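1. Just the structure for this:
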Amino acid sequence: MQKDEEKLINKLLRRNQTDAHEDKSELSKIAMEIRSITGNVKTETYRLGELLVKAKEVVGHGKFKKWVKGNFEFSYQTAQNFMNVYRHCLGRPGLVKTIKASILYMIASPDFPKDLREHILENGKKLKKIKNKKLRDIYRRFKEGELDLESPEIKGLFKKNKRRVVDEGYAEEISDRIGKIEKLTTTVLSITSKIEWPIHPSTKEVELEDDELKKVNQLLKKILNAVQSLRPGQKDQSEKPKLSLVA
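-> Okay, here's the model as predicted:
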């Protein structure tokens, strides 16, 4: 019985040694990749955060800070910044390329208001260039309840959507053309449903007599003319050809 227990203990010890070796190997690979991309922090912040989060899980509780200091030139706080960006920008990796790093670190920090953070990240592509001091002031005032998401100061952080102004006559012309296109579509479907397409039983090809082929060509020409008449720049609306079934 004692020998069985000793075998089990030895087996567990070997397994722990194997796991430790695998963890060390994985950490080594993570460290190598992090070093290879730290020169391009602007575009790789998200990936750096992802790797550091993974390393923290592997290295074990209470050892991560020492591991960071022993492997990289950047500080532990910088590592925390990378991880915060990864956690809060999860699903939005492209934002690290459009938002300044120091702004992104501030937005992703744990004490930044959650509602304000989500609002900024959701509209990140429209975020204007902003100074750290201004965002810090907005963050403080939002936290104190002085500002909300509808406040002009927060709305002013984002670029407005460009709107094209069209005159009333042009809008009516577009609406008229859309209506004509809808009627044309209905007419074309109605006409084509009445065409009989004789198919040869052996070749499976459509066989039309010369006069039938001529009628089909005439129909297609009328459809084409009707579509072209709806193009912008058509001056004489009265000359637009009308569709009708060729008798």
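2. can you give me the helices for the protein?
-> Along the chain, counting by DSSP state H, helices occupy 2-37, 41-59, 64-71, 76-88, 101-108, 114-122, 132-143, 152-155, 168-192, 210-228.
3. Mean neighbour count for the ones you listed - can I get that in TSV?
-> Where C-beta positions appear, they are placed from N, C-alpha and C, glycine not excepted. TSV is the format used below for the helices of the chain (neighbours: other CB atoms under 10 Å):
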stretch	mean neighbour count
helix 2-37	11
helix 41-59	18
helix 64-71	15
helix 76-88	20
helix 101-108	19
helix 114-122	16
helix 132-143	15
helix 152-155	12
helix 168-192	12
helix 210-228	13
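4. Just tell me which of these ends up closest to Gly94.
-> helix 41-59 (8.6 Å; CB to CB).
5. Now do that closest one, average pLDDT.
-> Throughout helix 41-59, pLDDT has a mean value of 86.
6. what does that helix rub up against?
-> Residues outside helix 41-59 that contact it (CB atoms under 8 Å, 6 or more residues apart in numbering) are 23, 26-27, 30-31, 33-34, 37-38, 64, 67-68, 79, 82-87, 89, 93, 96-97, 101, 104.
7. With stretch 68-84 instead?
-> With CB under 8 Å, 6+ apart as the criterion, stretch 68-84 contacts 31, 34-35, 38, 45, 48-49, 52-53, 56, 65, 105, 108-110.
8. Tabulate the CA atom coordinates of it in CSV.
-> Taking C-alpha atoms only, stretch 68-84 is exported to CSV below (Å, rounded to 0.1, in the frame of the first residue of the first chain):
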residue,chain,number,x,y,z
VAL,A,68,7.6,41.6,-16.5
LYS,A,69,10.6,43.4,-14.8
GLY,A,70,12.9,40.6,-15.5
ASN,A,71,12.0,40.3,-19.2
PHE,A,72,11.3,43.7,-20.7
GLU,A,73,12.5,47.3,-20.7
PHE,A,74,9.1,48.8,-20.3
SER,A,75,7.6,49.3,-16.8
TYR,A,76,5.0,47.2,-15.0
GLN,A,77,2.6,50.2,-15.3
THR,A,78,3.1,50.2,-19.1
ALA,A,79,2.3,46.5,-19.1
GLN,A,80,-0.9,47.2,-17.2
ASN,A,81,-1.8,49.9,-19.8
PHE,A,82,-1.4,47.3,-22.6
MET,A,83,-3.6,44.8,-20.8
ASN,A,84,-6.3,47.4,-20.0
